[in-house]
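Novice: A predicted structure for the sequence below; I have some questions about it.
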Protein chains: 2
Amino acid sequence: MDIQVMCEKLQNLQMERAAYQHASSSLYFDGSTVAPRGSAEDRGVVLGMLSQKSYELFVNDEVRVLLDELWKVKDEITPEQRRQVELLREELDQLTRTPMDEYVEYVKLSNIADEKWRKAKEENDYSIFEPYLVKIIEFQRKFASYKNADIPAYEALLDDYEKGMTTQVLDEFFGMLREKLVPLIDTIKNQPPRASFANEFASVQKQRELSDYLMEVIGLDRNYCNIAESEHPFTLGFNKHDVRITTHYYENDLLSSMYSVIHEGGHALYELNMAQEYQRTILYDSTSMGMHESQSRFFENMIGHHPAFSKLMLPKLQELFPETYENVDVKELYRAINHIQPSLIRTDADEVTYPLHIMVRYELEKRLISGELLARDLPEAWNAMYKDYLGIDVPSDSVGVLQDMHWSSGYFGYFPTYALGSAYAAQFMATIQKTIDVAACIENGDLTPIGAWLTEHVHRHGHMIDSQELIENATGEAFNAQYYVDYLAAKVKDVYGA
Amino acid sequence: MDIQVMCEKLQNLQMERAAYQHASSSLYFDGSTVAPRGSAEDRGVVLGMLSQKSYELFVNDEVRVLLDELWKVKDEITPEQRRQVELLREELDQLTRTPMDEYVEYVKLSNIADEKWRKAKEENDYSIFEPYLVKIIEFQRKFASYKNADIPAYEALLDDYEKGMTTQVLDEFFGMLREKLVPLIDTIKNQPPRASFANEFASVQKQRELSDYLMEVIGLDRNYCNIAESEHPFTLGFNKHDVRITTHYYENDLLSSMYSVIHEGGHALYELNMAQEYQRTILYDSTSMGMHESQSRFFENMIGHHPAFSKLMLPKLQELFPETYENVDVKELYRAINHIQPSLIRTDADEVTYPLHIMVRYELEKRLISGELLARDLPEAWNAMYKDYLGIDVPSDSVGVLQDMHWSSGYFGYFPTYALGSAYAAQFMATIQKTIDVAACIENGDLTPIGAWLTEHVHRHGHMIDSQELIENATGEAFNAQYYVDYLAAKVKDVYGA
């Protein structure tokens, strides 16, 4: 077939897939924000049909032949087209290598496992969930072997979320965190609790105004990005001209939604600033989960927890919530925002103890997949690690090993990306600070130069290059966890003294 | 092919079409309510793709053969399946009889015509729109001849919106309205304006609470029906378990949103109460536009403008807006709600003068299609009729002949259904009142018996029977406009005296 004809087919294939994806995302967004409660089942049927149509469009011999033929002439097409063919072939391989009957069986299992996990959590009874976890782990090992039988199963699983990441890099990364953070946290664990003004009443109406302000500060173009409310905050990019973030307002926890908006706003910038020419192709995508998380954590941690950010925000908070903030000074606000306290629940953790929650999960899931740790011994191992590293007694499995939904959903290899994202963000910031006066930008509420740097070095590339290559191009060196470890140690020192 | 196999194919075809429809509706709803302003173009591409996929699914030889084969054995399948085949064959005929190239040309034209109409309206310059109207009328005549060359073109067009409706019935209907209403309205045209309390400030927040109350009164199950905000109010039924209504709040016109919610609520009940077994088939649909409108007008006019409704609402309005309503009595509220005053704009018209706005449009569009009236003479004819029938001078075409988007969109034959809906509603009410104490139901805020009657005689039937048959089954006689004319005359008398 003529190369030009093949390239047109390649383009059409991606456009149609993108359209199905857009439609599914729209249904999902609606379902998570405003749809009536009783509508989920029928919407599920429609989502199933769209996903089947999209699957049929992609997984067939005609597409296989097209991609193989294009790969043969890869030196005669553009670099973008070459990358598209490369990524599409990888995806098609993945989809075809797993036997369909096993996959269907697995989907059924994970639905039940999810239900059992919920029940186990509610009733604080790990034994309800355990047999299903055993089966999920077995499936995960099998799927890993279909992906790549030549590497350890856990590394094959990591590839789904952070391509090219190895246990060697992660072991070293979490080792550094453990070594530096565990003793530091031990020294500050008996600090007084967070200042009480952070939990005073703040009306949802005023918090919505605060969200609008934050979106403006972050640099989100409201013409292409809006905000909605959902049970759990998330970001969804339909395309470059339509990105949604959500938040959840609590009247007695202003900072919760404030930092959700900043976090999701960082994700949204990534989606909004990918190159125009990648639209409706497989390149309009983040290069990895860790990279996506790096953008949300950059804004949440590097910007939002910066001393200058407290200076910027205090007048705004005083304007919106005068009764609560009129007698608060910048130092008090900074302390409240940066309060560090080992705690039980990952999603409520501060930025310093957060990676230790991830480290625990990483160590445990790696051993579960390798078989070193049995599912029945998981709660005991969990509780021991929380005691050792966070100095915390876990009073019940509901707030311990059963707190997250990731394992019941089969997301083994996902957790590390949460910590990697923060570490990437710290490395980006170290580079940015060489040329940009970050503190001044934040204090003036004008993040334009920082946003421009991120667009230039991260956002615009979409999935054109892999995450590790992107980091090297952007910062001039390979991923280096030292920046993150140093940043966290400095933060503890800054907040609590030496 | 085996009948059972064919029936399964029939079911799958309809399920897939319903799924595409659901996805498109969801995108449309999102676009009309919360989507970022700049997202329309990309969403349009996705909507186009979904519509193309749905078209390809339906318009092909395999489906044609399936439907023809099923029609041959129509006595061996269920009445529901027979009706499905009948309606699907009609639709397929319609779609295949119009040459594709003409249709594509027409879609392009109507996009431009819409733009030109907007511009003409903005600049108050009918001549910008006129040449496009001429072309649209030519296309409409051609399309009518493809549909059915044996009847007058306008009647073929009517069939799209109200199957079986004839100009003979409509001429008689509008003749009765004209004869009775024009002299009546003439006698009351110099009444004082509506009481000013109706236009006092009412916060959007409180109006939202009022909407929730109204939805409860109407009997909408919030588990399956929600409310959103959009530029123009509308109702969208994805399926029996997911129906959306929208409204638009004006801080200085409480009644506007109040009656939008009641109107759209009536539409929503129709969508919510169709038979479960019609779900995901072509039978899950209103039987006609007029019938859908009858349900919205039933609640807006028959219920919402009933004297008992003012009694029900006054305490609620006093609770929500004490400053405005504390000194208003039931009679004053009733007068404000039922204020009758000839006016320029159809969508702002009261229930008595409203059908005369429709009559003008009916007479004019009928003559435009037949060729009796030329597009260039339309404004003059419009203005003359507004003077004759409503006693109103039209100061400019922007608020005259250019006020509605229907003709620029090619909706010839649509307008009459607005008046027919009100007339059907009056006929239903006359029947209902024989067995149900309507005033007592409304005054107690418990419309359950009325809702049950409508479900039994209208809603549940979906598209299983045609509108005229439904009316006869429900009321024991054919469509009879006398009920509506009498109702309107009695209303004028009740509000303004003999």
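Specialist: Sure thing, it's come through.
Novice: In space, what's closest to the residue of the stretch 301-450 of chain A found nearest chain B - neighbours in sequence excluded?
Specialist: With CB to the nearest CB, the shortest gap between the stretch 301-450 of chain A and chain B falls at residue A:320, namely 17.5 Å. C-betas here are computed from N, CA, C, even on glycine. Nearest residue to residue A:320, sequence neighbours excluded (CB to CB, 6 or more residues apart in numbering or on different chains): residue A:206, at 4.8 Å.
Novice: same check, this time on residue A:250
Specialist: Distances taken as CB to CB, 6+ apart place residue A:256 nearest to residue A:250, at 5.2 Å, with adjacent residues excluded.
Novice: The one you found: neighbouring residues, count only.
Specialist: 18 (other CB atoms under 10 Å in any protein chain shown).
Novice: Which strand or helix spans the most centrally placed residue in chain A?
Specialist: For chain A, the residue nearest the mean C-alpha position is residue A:293 (4.1 Å; CA atoms, centre = their mean). Residue A:293 belongs to helix A:289-297 when assigned by DSSP states H and E.
Novice: max-length helix in chain A?
Specialist: Across chain A, the longest stretch assigned as helix under DSSP state H is helix A:3-33.
Novice: contacting residues around stretch A:163-180?
Specialist: Outside stretch A:163-180, the residues that touch it by CB atoms under 8 Å, 6 or more residues apart in numbering or on different chains are A:152, A:154-155, A:158-159, A:288, A:290, A:355-356, A:358-359, A:362-363, A:366, A:389, A:416, A:419-420, A:423, A:466-468, A:479, A:481-482, A:484-485, A:488-489.
Novice: Now list the buried members of those residues.
Specialist: Taking 16 or more other CB atoms under 10 Å in any protein chain shown as the criterion, what is buried in the contacts of stretch A:163-180 is A:154-155, A:158-159, A:288, A:290, A:355-356, A:358-359, A:362-363, A:366, A:389, A:416, A:419-420, A:423, A:466-468, A:479, A:481, A:484-485, A:488.
Novice: Among those, which ones are in helices?
Specialist: Among the buried ones among the contacts of stretch A:163-180, DSSP H puts A:154-155, A:158-159, A:290, A:355-356, A:358-359, A:362-363, A:366, A:389, A:416, A:419-420, A:423, A:467-468, A:484-485, A:488 in helices.
Novice: Can you report phi and psi for residue A:235?
Specialist: Dihedral angles of residue A:235 (phi, psi; degrees, to the nearest 10) stand at phi -120, psi 140.
Novice: what's the burial count for the residue lying closest to it once chain neighbours are set aside?
Specialist: Excluding the flanking residues, the one nearest residue A:235 by CB to CB, 6+ apart is residue A:267, at 3.8 Å. Residue A:267: 24 surrounding residues under other CB under 10 Å.
Novice: How much space separates the residue lying closest to residue A:299 once chain neighbours are set aside from residue A:185?
Specialist: Closest residue to residue A:299 apart from its sequence neighbours, by CB to CB, 6+ apart: residue A:266 at 3.5 Å. Using CB to CB, to the nearest Å, residue A:266 is found at 25 Å from residue A:185.
Novice: Mind checking which of these two has more residues around it?
Specialist: Taking other CB under 10 Å, residue A:266 and residue A:185 do not tie; residue A:266 has more neighbours (29 against 20).
Novice: so what's residue A:48 scoring on pLDDT?
Specialist: The model reports residue A:48 with a pLDDT of 91.
Novice: okay, now the residue nearest to residue A:320: neighbour count?
Specialist: Other residues near residue A:206 come to 17 when the count uses other CB under 10 Å.
Novice: CA atoms only for the strand or helix carrying residue A:168, dumped as CSV, please.
Specialist: Per DSSP H and E: residue A:168 is located in helix A:167-188. What follows is helix A:167-188, C-alpha atoms only, in CSV (Å, rounded to 0.1, in the frame of the first residue of the first chain):
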residue,chain,number,x,y,z
THR,A,167,13.2,-2.3,41.0
GLN,A,168,16.9,-1.5,41.2
VAL,A,169,16.1,2.2,40.8
LEU,A,170,13.1,2.1,43.1
ASP,A,171,15.0,0.1,45.8
GLU,A,172,17.7,2.8,45.8
PHE,A,173,15.1,5.6,45.7
PHE,A,174,13.0,4.3,48.6
GLY,A,175,16.2,3.3,50.5
MET,A,176,17.4,6.9,50.4
LEU,A,177,14.0,8.1,51.6
ARG,A,178,14.0,5.6,54.4
GLU,A,179,17.5,6.4,55.6
LYS,A,180,17.0,10.2,55.6
LEU,A,181,13.3,10.5,56.6
VAL,A,182,12.7,7.9,59.3
PRO,A,183,15.2,9.4,61.8
LEU,A,184,14.0,13.0,60.9
ILE,A,185,10.4,12.2,61.5
ASP,A,186,11.2,10.5,64.7
THR,A,187,12.6,13.7,66.1
ILE,A,188,9.5,15.8,65.3
